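J.: mind looking at a prediction? Sequence and model below.
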Amino acid sequence: MNRNFSNVAPLFALFVLVIFASAALAQTTYMITGKVIGEDGKPIQNAIIKIDRKDIKWSANVKTNRRGEYTHAGVPVGGTYRVALEIDGKEVDFRDNVRPRLGEPAEVNFDLLELKKTRDAQRLAAETGTLTAEQARMLTPEQREEIERALKARAAEIAKNKALNDAFNAGVEAATAGRFQEAVDAFTKAAEIDPKQDAVWARLADAAEKLGAQKTGAEQEAAFAKAVEAYQKALELKPSEAAYYNNYGLALVRMRKIPEAVSMLEKAAQLDPANAAKYYYNMGAVMMNTGQNEAAGEAFKKAIEANPKYAPAQYQYGIYLVGKAQIGADGRIQPPPGTREAFQAYLDLEPNGQFAQSAKEMLASFEQAIQTEYTSPEAKKRAEEAERKKQQKKR
């Protein structure tokens, strides 16, 4: 019997093509599979497994079934993957650098019960500072090594902090007692332990400045130089701290570096408007003590403008204005406008303050005539004698 094979060849070719195509597909994709167990030890259904290729942009998601199992058979060949577990929209665990092999699925399991035990052991080890044998049994060698490194780093940090606190507290105690060389040494040690602590540098600067005030010559210069360096370090670490600028400015006054001092005090006022009156007042005091009376008056005026209730500035501004007073034809003091108001403002704000009596005397003096002609004691005595004799004749 003759058979017609005319359609066999095309069918056979199609079959061969499908076989080769399937083989090609098998060679171009890998499989990642695994299982998810919850903290209660039971499988988790509908957990999301996120697969991301690390060398190129490729990703896929797959859900776990009721047995907590998942499989993704379309993973491209030759990649390195990050496989993450997501539950309720939150990533709870992951595996990195997963490399599937041809013909052998990459198995990536997530056991949240074991993960919880591991994290509990890590937390307890961190809290106690030790890793017990029981805790170690719950960890892989890599996890144990990581915890041991962390414990060593923590122990070193604790030791460092203790040394820092001990040095800092010793410096504070010495400075409070007026032992400024001892304070400088202690704060210097603290700064060496942790050079990133601005409060340490600020304390060192203050102690060095006060030490310099007790010294002369080269020793004073060295102490002042150390203070300047320390203030600059403190400001580098915390350039927004107005108090550092204020203290640095006052230190520069002691060192007779007036322009630099004014610049620091001005910066303090700009950074901290709420306390600007105090900073401008300090600036005025600097100017007054160095004989720059006009500049001092302007600073006191700025202090009042910043805070009219800052009593010391009112008083000092009044003193500045008194220096510009004149004597009238009637022998009375004629102070510039604003003088009486400044002294009265001080008394209103601090009726029992440090300068209250002086302010009262100043106000009273404006109402009294001042003797402007000179009379020698002998002439006065003769005049008194003549008046006495005159009175006797009348009797």
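T.: Sure, I can see it.

J.: hmm, Tyr310 and Phe300 touching each other?
T.: No: the pair Phe300 and Tyr310 fails to qualify as a contact (CB atoms under 8 Å) at a distance of 9.6 Å. C-beta coordinates here come from the backbone N, C-alpha and C atoms, glycine included.

J.: who has more neighbours out of the two?
T.: The neighbour comparison of Phe300 against Tyr310 (other CB atoms under 10 Å) goes to Phe300, with 30 against 21.

J.: I'd like the average pLDDT over whatever helix or strand that one lives in.
T.: According to DSSP states H and E, Phe300 maps onto helix 293-306. What helix 293-306 shows for mean pLDDT is 92.

J.: residues in contact with Ile51?
T.: Taking CB atoms under 8 Å, 6 or more residues apart in numbering, we find Ile51 in contact with Ile32, Ser59, Ala60, Asn61, Val62, His72, Val75, Tyr81, Arg82, Val83.

J.: for the residues you listed, pick the one with the most neighbours.
T.: Greatest neighbour count in those, by other CB under 10 Å, goes to Tyr81: 26 neighbours.

J.: and for that one, nearest residue in space, chain neighbours not counted?
T.: Once flanking residues are discounted, Tyr81 sits nearest to Val98: 4.4 Å by CB to CB, 6 or more residues apart in numbering.

J.: could you check how many residues crowd around that neighbour?
T.: Other residues lying near Val98 total 22 when counted by other CB under 10 Å.

J.: now do the one 5 residues further on
T.: Each residue near Gly103 was counted by other CB under 10 Å, and the total is 9.

J.: before we move on, what about Leu265?
T.: Leu265 - counted by other CB under 10 Å - has 29 other residues nearby.

J.: wait, doesn't it sit right on Asn246?
T.: Yes: between Leu265 and Asn246 there is a contact under CB under 8 Å: 6.3 Å.

J.: what residues does stretch 40-48 touch?
T.: 35-38, 61-70, 85-87, 110, 112-113.

J.: could you rerun that using 7 Å?
T.: Here stretch 40-48 makes contact (CB atoms under 7 Å, 6 or more residues apart in numbering) with 35-38, 61, 63-68, 85-87, 113.

J.: domain parsing for this protein?
T.: Segmentation of the chain into domains, based on automatic domain parsing, reads 8-113, 119-154.

J.: okay, how far is it across the shortest one, tip to tip?
T.: When the termini of domain 119-154 are compared using CA to CA, to the nearest Å, they are 17 Å apart.

J.: same question for that domain, mean pLDDT?
T.: 66.

J.: if we can go back for a sec, got any residues that touch both of Leu265 and Asn246?
T.: Tyr279, Asn282.

J.: residue ranges in the stretch 251-395 of the chain under the pLDDT threshold?
T.: Within the stretch 251-395 of the chain, the ranges that satisfy pLDDT under 70 run 369-383, 386-395.

J.: mind jotting down where the helices sit in it?
T.: Using DSSP state H, counting those that start in this stretch, the helices of the stretch 251-395 of the chain run over residues 258-271, 276-289, 293-306, 311-322, 339-349, 356-365, 377-394.
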